[in-house]
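Novice: Dropping the sequence and predicted coords here.
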Amino acid sequence: MRIIKKMYDICIIGGGASGMAAAISAKEANSKLSVAIIEKKDILGKKLLATGNGRCNLSNVNCENYRDTLSFFQGIGVVSRVDDSGRIYPYTENAADLNDCLIRRLEQLGVRTITGTSVTAVCNDENGFEIQTEKNGTSGKVSSARLLIACGGKAGPEFGTTGDGYRLAKSLGHSITRLAPALTAVEVYDDIKAFAGIRAKAKAILLFKDEEIFEEDGEIQFTRYGVSGICIFNLSRFMVLPEGANLKNGFDDYRIAIDFFPKGGDMAGFIKQRMNILGNDSKVLTTMVREPIAERIFKDSKGDPEKMADMLQRFILRPKGLKGWDFAQVTKGGVPLNEIEKNTMESKLVPKLYFSGEIIDYDGPCGGFNLQNAWETGIKAGREMSK
């Protein structure tokens, strides 16, 4: 095979949100530097294009440093807007527009982008890093004085995030905390196929050994296999396998309670009143919950208004597990924060090695928090590497 060798001041593994932000920040801070991005997919920002259902929820006003991120985007020509919940989007609510601005700025600054290329190994010495690559059966070697690993986690492998960064980080001496899919749907043991397609405004409550550990209001989506929706995604972050447990039965101590009427009230009394009007069958729950749910509650309660009221406010599901990496939005776990200088993103173990984005052991809720982490850590790393 033909071996190609190239040398750069800075090399960034991963051309996603964090990697592009780092490259732009580094070149803007020091235009004389040679900067290269190595990206496995054929285009940059593949996963970014899919975020927020293509709308790209890029940050949130509840993130501590969101103003710095907005300043960065204003500098590359992105106009943004904030919705009623504090989520920040490009004004067009089109992820492709934001991605185009990032790529255009990279081109203006002269950042070299090497796409369709996998990194197979990395080694380092006092002179810097040697990165071994592979593209279409051809091996290559890229050398750099500084290296940023920003190739994401394991969530959404169709976008190229297959966990390569963890292997590279470990080969350079770093540890990796336990990895798990997060912000994903939940599979349940219960037969709720009849509920598939139903959406309900409700509160989702997660219990572990009967103790409530998380709750959130939102729209719950019922599927053939379980439940989905933003409040379920956020709940999934807290479904952690206990030490020593396996995927087969490791979630058996969890329960999900769905409260269809979180504002409370005398539900039993209300149902009794409705029985006088509608009779004692599942129609007593008409307009309260959708028909398949009403039928299940009436059947399981045997028409007892007290039990129906309890089930309306505590409809119990038994989690079987989390939908896997193909469905998850982010990865829980990664390079531990205590092995990284938080203000510079430089490794505490390997000089001139940096980490940013999802490879770090950080996962936030839905609403722009994870992309904020990607931009913020990428910008920090880029500015530091430019020095």
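Specialist: Nice, I can see it. Numbers count the residues shown, from 1 in each chain.
Novice: Below-threshold pLDDT in the chain: ranges please.
Specialist: For the chain, applying pLDDT under 70 flags the ranges 1-5.
Novice: Can you tell me the centre-most residue of it?
Specialist: Nearest to the mean C-alpha position of the chain, by CA atoms, centre = their mean, lies V330 at 2.6 Å.
Novice: My read is that that residue contacts E358, right?
Specialist: Yes: the criterion here is CB atoms under 8 Å, and V330 meets it with E358 at 6.0 Å. In this view, the C-beta of every residue, glycine as well, is placed from N, C-alpha and C.
Novice: Which residues are in contact with each of these two?
Specialist: 153, 155, 370 (CB atoms under 8 Å, 6 or more residues apart in numbering).
Novice: what about C231, is that helix, strand or coil?
Specialist: Here C231 takes the helix state, with states given by DSSP: H, G, I helix; E, B strand; the rest coil.
Novice: hang on, it packs against D217?
Specialist: Yes: counting by CB under 8 Å, C231 touches D217, with 6.5 Å between them.
Novice: Parallel or antiparallel, list what pairs with the one helix or strand A204 maps to.
Specialist: In this assignment (DSSP states H and E), A204 forms part of strand 199-208. Note on strand 199-208: by DSSP bridges, its sheet partners are strand 211-222 (antiparallel), strand 254-259 (antiparallel).
Novice: List of residues touching the shortest one?
Specialist: So the one you mean is strand 254-259. Taking CB under 8 Å, 6+ apart as the rule, strand 254-259 contacts 186, 188, 200, 202-208, 210, 220, 227, 232, 235, 239, 312-319.
Novice: Which among the residues you listed count as buried?
Specialist: Buried residues within the contacts of strand 254-259, counting neighbours by 16 or more other CB atoms under 10 Å: 186, 188, 200, 202-208, 220, 227, 232, 235, 239, 312-313, 315, 317, 319.
Novice: What residues does G19 make contact with?
Specialist: G19 touches 12-13, 37, 39, 148, 150-151, 356-357, 378, counting by CB under 8 Å, 6+ apart.
Novice: And those, which is closest to R112?
Specialist: Of all these, R112 sits closest to I37, with 7.2 Å by CB to CB.
Novice: Give the helix, strand or coil label for that closest one.
Specialist: Under three-state DSSP, the three-state class of I37 is strand.
Novice: Would you mind confirming that it makes contact with L44?
Specialist: Yes: counting by CB under 8 Å, I37 does reach L44; the two are 7.1 Å apart.
Novice: State the number of residues packed around E28.
Specialist: Residues near E28, counting by other CB atoms under 10 Å, number 17.
Novice: so it sits in a helix?
Specialist: Yes: checked against three-state DSSP, E28 lies within a helix.
Novice: Tell me what the residue nearest to the centre of the chain is bridged to.
Specialist: A182.
Novice: residue boundaries of the strands in the stretch 51-200 of the chain?
Specialist: Ranges of strands in the stretch 51-200 of the chain, per DSSP state E, counting those that start in this stretch, are 59-60, 80-82, 87-90, 112-114, 118-125, 128-135, 138-149, 180-182, 186-188, 199-208.
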